[in-house]
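**Q** Test case, fold it:
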Amino acid sequence: MTTPRSSVITDSQVVAQKMIKLRLAHLEELRSVVEQEGILAEFHWRVVESVDVFYNPHMFEKAAGPRV
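**A** From the prediction side, this is the model:
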């Protein structure tokens with residue numbers, strides 16, 4: 001019996017997950033240092049839940065909508 005491809009986690013996916021966790025840990029530490037130094041407002045730090053990435057300029061323009 002074969003496993004459906006969508007449920008298989010590849011080695012590259014595991015490595016990507018580890019890289020993301022490492023980078024997020026660095027962000028948390030950087031924010032901690034910035035807060036300790038009392039300069040958070042100067043950094044314009046925002047916490048977001050997601051990021052959209054567009055590789056096609058046309059799709060980016062479509063998603064961005066009309067410019068004001």
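
**Q** what's the spacing between the helix-or-strand element of the chain with minimal mean pLDDT and its chain's center?
**A** Every helix and strand in the chain was compared by mean pLDDT, DSSP states H and E; the lowest is helix 40-43, with a mean of 85. Mean-position distance between helix 40-43 and its chain equals 20 Å (C-alpha atoms, centre = their mean, to the nearest Å).

**Q** next one: stretch 20-33
**A** Counting by C-alpha atoms, centre = their mean, stretch 20-33 comes out at 12 Å from the chain centroid.

**Q** Show me what that stretch is in contact with.
**A** Identification of contacts with stretch 20-33 by C-beta atoms under 8 Å, 6 or more residues apart in numbering yields 40, 45. (Each C-beta comes from the backbone N, C-alpha and C, glycine too.)

**Q** could you redo the last one with a cut-off of 7 Å?
**A** With C-beta atoms under 7 Å, 6 or more residues apart in numbering as the test, stretch 20-33 has contacts from residue 45.

**Q** Poorly predicted segments of the protein, please.
**A** By pLDDT under 70, the low-scoring segments of the chain are 1-7, 68.

**Q** Tell me how far the residue most central in space within the chain lies from residue 11.
**A** Geometric centre of the chain, nearest residue: residue 51, 5.6 Å, by C-alpha atoms, centre = their mean. According to C-beta to C-beta, to the nearest Å, residue 51 stands 24 Å off from residue 11.

**Q** about what we covered before: and for the least confident helix or strand of the chain, what are the contacting residues?
**A** residue 34.

**Q** Name the next helix or strand downstream of it, please.
**A** The helix or strand immediately downstream of helix 40-43 is helix 57-64, counting by DSSP states H and E.

**Q** With just CA atoms, put that next one into PDB.
**A** Extracted C-alpha coordinates of helix 57-64, given in PDB (Å, rounded to 0.1, in the frame of the first residue of the first chain):
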ATOM      1  CA  PRO A  57       4.300  41.000 -10.500                       C
ATOM      2  CA  HIS A  58       0.900  40.900 -12.200                       C
ATOM      3  CA  MET A  59      -0.500  38.800  -9.400                       C
ATOM      4  CA  PHE A  60       1.000  41.200  -6.800                       C
ATOM      5  CA  GLU A  61      -0.600  44.200  -8.500                       C
ATOM      6  CA  LYS A  62      -4.000  42.300  -8.600                       C
ATOM      7  CA  ALA A  63      -3.800  41.400  -4.900                       C
ATOM      8  CA  ALA A  64      -2.600  44.900  -3.900                       C
END
